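J.: Coordinates only, no sequence provided:
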């Protein structure tokens, strides 16, 4: 008996998905039991490189087709993806999706409906492209007390930062080149401002720490303000700059809030994430008693993403073959948590900081900085007078772990100092 | 309803496993539904750091206890592990094991019995310690046409090679230090001669390429002959030396044999496996259309290994909760292939080689080497006169991809040359 799927979308990932299913030789033999019953597209007239049989523009017809077991949503975006997913769930169909945006923003509604209907919503492709990370988090790593999930989960920004570091170029030039190469979109906002990474860490955090995450509450800084100067100074201090998506518990056992944030970060060169370059992604998971494990691979691309999509389809087929028509969900694969996690307020987060100051009064300024930081309980790891810009001395400070609120108060005071011209850069340090 | 498990063995991994199960707070909530019904040990009198309830020396009693759903075999070694596993399967119990040796050597018999009985045999902990690799291979990566699985899967040898490279020390000294630190056993044979890695690649190859592997057919070289000289020369040429366990298809589509081998290998410094140091493990999987993904983490240790063991237990519990008493196995998680893979004969394998020659006749010798290699279709990538040992010049040759048989024939001819004193080192290059 073949398991029938309906594909919503035949863009690059949809085409890659169809290519794997239509050419099963040499792959897992279970693939031969999957049949693409219908593929839904917006425009019927477009020339296509795959022929998955029935192509239709009637997307509603796919999600209501009684013969279809699994609906594979590869449209992207919020609507009509959300409505079609909900309608398919209502008809008892399992869902596979690569759509991080719709899950990050409407996961609550979608999972509530799926649990009620007894269907799976799998989304391996939504984070890390072809890297298996969602299933390992759900199935393997959750026996640990997880401390942190830290990822380089956006290939575009990682490519830009890698290039900036390699050639010493500034952001705008490298972005233009990345756009020419197809690594960045014409409108790069979702990538370079960190929104895509925030969608992904919302999903990972919910799975790892068992509470739903309000996407709009995630503090999110992009990489537009990163420049060749800070990359070079970071290098001298032993760091590379990466856009990290971070979800972690607080060290204080009284505090059950969760830190979830996206920002460019100075990463020590000997840290496993420091050597993840170009468009590659990696996710580092730490827990007790496991220690650290890292998952590395292609975070985007039609083939890699399609690999993750088809693996989800295959998982559901495997379950259907073994458990038949039961609507009892495997709790490791379904999404069972109902509560929302409380995020740690940004000012309460403890982290290290890097700040670059342009200063007038060189002899006295280090004393002034030390006094102001000290008054706000900000302990300094290093203070280095690292260069000049015209008449102004550049001083770079790296702090120990400090509360972000204290650090910001100290900076507010320092800005009023006569000796300080400006503070061009403030970055967090892992 | 609690799911009851029987633990065979309360050594370090058994203790770690019990610790996770007995202290479920902050972990996956499904853990609270697991109960250790009995724990079997060899010696009842030993003091123990965990108290999992009923401790018995009657191992047979555990595998025949009708209330036990899952038998967790952590005894290690071939017997009585094999017999107890088979008896538990016969009684309809699912198996979780960390025992690579018993699966690599008796997997055929064990899986045949398990498929007949409709039970799972899960073994995430057998390879890569706490790194999820078995389940991702089974569930996620098999939709690809897999080309290769290459791993650093033995922490002891990776520690020794890392230390040798860092301090320029020879094998014997570093081994002694590793033994003192507990990173190497008193009898280090299984690790340093590559047997442990061969067990593990036999398991990975069977899963990745869907054919059972005869463990005794795997060519296996250890690291005893690696010395500071070759590590230093490799470094100059842009390589590090790692003990790799390799399973890969041949590039020739007419050839459906499988390469499976374990040997020290020169790895280019920019390769993802080159930076895996100390006792860490990593497994790199390449397939079409996915590309390369890598899994990195602690390859040994009580906590990491216990994390993998408990994840397998939890997987079975999840399935039991959703699919009830059906004995239809999920084909993605069971082991369905019946045939044995044919391994590529060593002399047919194409790989690059590194060879170090001690030579008398320096001016003429490079010409002689070139002539002999050329006569046997061995194409050279580089020939470097790299140093002296007394009166003898050291010449290092790196070849392009060549058939191992051709390379060995060329070496046999070269050994007869008047100008050649000896060939102290022959290593493969990735």
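T.: Received, thanks. The shown structure was predicted, so the numbers you read here are calculated from the model rather than taken from an experiment. Numbers count the residues shown, from 1 in each chain, chains lettered A, B, ... in the order given.
J.: domain ranges for chain A?
T.: A:3-129+A:302-323, A:134-298, A:349-429 (automatic domain parsing).
J.: Can you say which of those domains is nearest to residue B:10?
T.: For the domains of chain A, proximity to residue B:10 was assessed by Cβ to Cβ; domain A:134-298 is nearest, at 16.1 Å. For the C-beta atoms, the positions are set from N, CA and C on the backbone; glycine is no exception.
J.: for residue A:195, what are its contacts?
T.: Residue A:195 makes contacts with A:189, A:220, A:222, as judged by Cβ atoms under 8 Å, 6 or more residues apart in numbering or on different chains.
J.: in the stretch 1-150 of chain A, which segments are predicted with low confidence?
T.: Counting by pLDDT under 70, the ranges of the stretch 1-150 of chain A that qualify are A:1.
J.: Quick check: residues of it near chain B?
T.: Counting by Cβ under 8 Å from any Cβ of the partner chain, the stretch 1-150 of chain A comes close to chain B at A:16, A:19-20, A:26-31, A:124, A:130-132, A:135-136, A:139-145.
J.: The helix or strand containing residue A:387: which residues count as buried?
T.: Take DSSP states H and E as the rule and residue A:387 turns out to sit in strand A:380-389. Neighbour counts using 16 or more other Cβ atoms under 10 Å in any protein chain shown place A:380, A:383 of strand A:380-389 among the buried residues.
J.: go on, stretch A:78-89?
T.: Neighbour counts over stretch A:78-89 (16+ other Cβ under 10 Å) mark A:80-82, A:84-89 as buried.
J.: which residues make contact with that stretch from outside it?
T.: Residues from elsewhere that reach stretch A:78-89 (Cβ under 8 Å, 6+ apart): A:6, A:8, A:59-60, A:62-64, A:71, A:73, A:75, A:95, A:97, A:99, A:101-102, A:105-106, A:109-110, A:113-114, A:117, A:119, A:121.
J.: Give me the buried entries from those residues.
T.: Buried by 16+ other Cβ under 10 Å: A:6, A:8, A:59, A:62-64, A:71, A:73, A:75, A:95, A:97, A:99, A:101-102, A:105-106, A:110, A:113-114, A:117, A:119, A:121, out of these.
J.: Looking at the residues you listed, which are in helices?
T.: A:59, A:62-63, A:101-102, A:105-106, A:110, A:113-114, A:117 (DSSP state H).
J.: Compile the residues you listed into CSV and extend it with columns for distance to residue A:361.
T.: Shown next, in CSV, are these (distance: Cβ to Cβ, whole Å):
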residue, distance to residue A:361
A:59, 66
A:62, 69
A:63, 68
A:101, 49
A:102, 54
A:105, 49
A:106, 54
A:110, 58
A:113, 63
A:114, 63
A:117, 68
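J.: and which of those residues is nearest to residue A:298?
T.: For these, the nearest to residue A:298 is residue A:101 (20.1 Å; Cβ to Cβ).
J.: The closest one contacts residue A:198, doesn't it?
T.: No - with contacts counted by Cβ atoms under 8 Å, residue A:101 stays clear of residue A:198, the gap being 10.2 Å.
J.: Of the residues of the stretch 1-150 of chain A next to chain B, grab the buried ones for ChimeraX.
T.: The following ChimeraX line selects those of these that are buried, judged by 16+ other Cβ under 10 Å:
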select /A:16,19,20,26,27,28,30,31,124,130,131,132,135,136,139,140,141,142,143,144,145
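J.: Just the ones of the residues of the stretch 1-150 of chain A next to chain B in helices?
T.: Cross-referencing these against helices under DSSP H gives A:16, A:19-20, A:135-136, A:139.
J.: Can you tell me the closest non-neighbouring residue to residue A:201?
T.: Excluding the flanking residues, the one nearest residue A:201 by Cβ to Cβ, 6 or more residues apart in numbering or on different chains is residue A:245, at 3.6 Å.
J.: For the one you found, list the residues it contacts.
T.: Residue A:245 makes contacts with A:150-154, A:194, A:197-198, A:200-201, A:204, A:261-262, as judged by Cβ under 8 Å, 6+ apart.
J.: Need the worst-confidence member of the contacts of residue A:195.
T.: For those, the weakest pLDDT value sits at residue A:189, with 94.
J.: From residue A:102, how far off is that one?
T.: Taking Cβ to Cβ, to the nearest Å as the criterion, residue A:189 is separated from residue A:102 by 18 Å.
J.: before we move on, what about residue A:410?
T.: For residue A:410, the distance to residue A:102 equals 41 Å [Cβ to Cβ].
J.: Same question for residue A:86.
T.: 10 Å.
J.: Please enumerate the shared neighbours of the two.
T.: With Cβ under 8 Å, 6+ apart as the test, residue A:86 and residue A:102 both reach residue A:110.
J.: so how far is chain B from residue A:408?
T.: Remark: distance between residue A:408 and chain B (Cβ to the nearest Cβ, to the nearest Å) = 31 Å.
J.: Isn't residue A:162 up against residue A:280?
T.: No - with contact defined as Cβ under 8 Å, residue A:162 does not count as touching residue A:280 (9.0 Å).
J.: who has more neighbours, those two?
T.: Between residue A:162 and residue A:280, counted using other Cβ atoms under 10 Å in any protein chain shown, residue A:280 has the larger neighbour count: 25 against 19.
J.: That one: what's it in contact with?
T.: Each residue near residue A:280 by Cβ under 8 Å, 6+ apart is listed here: A:152, A:155, A:158, A:296-299.
J.: What is the neighbour count of residue A:254?
T.: Neighbour count of residue A:254, defined by other Cβ under 10 Å: 5.
J.: Next: residue A:259.
T.: Neighbours around residue A:259, by other Cβ under 10 Å: 22.
J.: Could you verify my assumption that it touches residue A:345?
T.: No - the criterion here is Cβ under 8 Å, and residue A:259 misses it with residue A:345 at 9.8 Å.
J.: So what does the residue lying closest to residue A:403 once chain neighbours are set aside look like in phi/psi?
T.: Nearest in space to residue A:403, with sequence neighbours left out and distances taken as Cβ to Cβ, 6+ apart, is residue A:350 at 5.6 Å. Main-chain torsions, residue A:350, degrees, to the nearest 10: phi -100, psi 120.
J.: So for residue A:350, what pLDDT did the model give?
T.: pLDDT, residue A:350: 95.
J.: Let me see the contact set for it.
T.: Contacts of residue A:350 by Cβ under 8 Å, 6+ apart are A:250-251, A:401-404.
J.: Distance from stretch A:44-55 to the middle of the chain?
T.: Centre-to-centre, stretch A:44-55 and its host chain are 31 Å apart (Cα atoms, centre = their mean, to the nearest Å).
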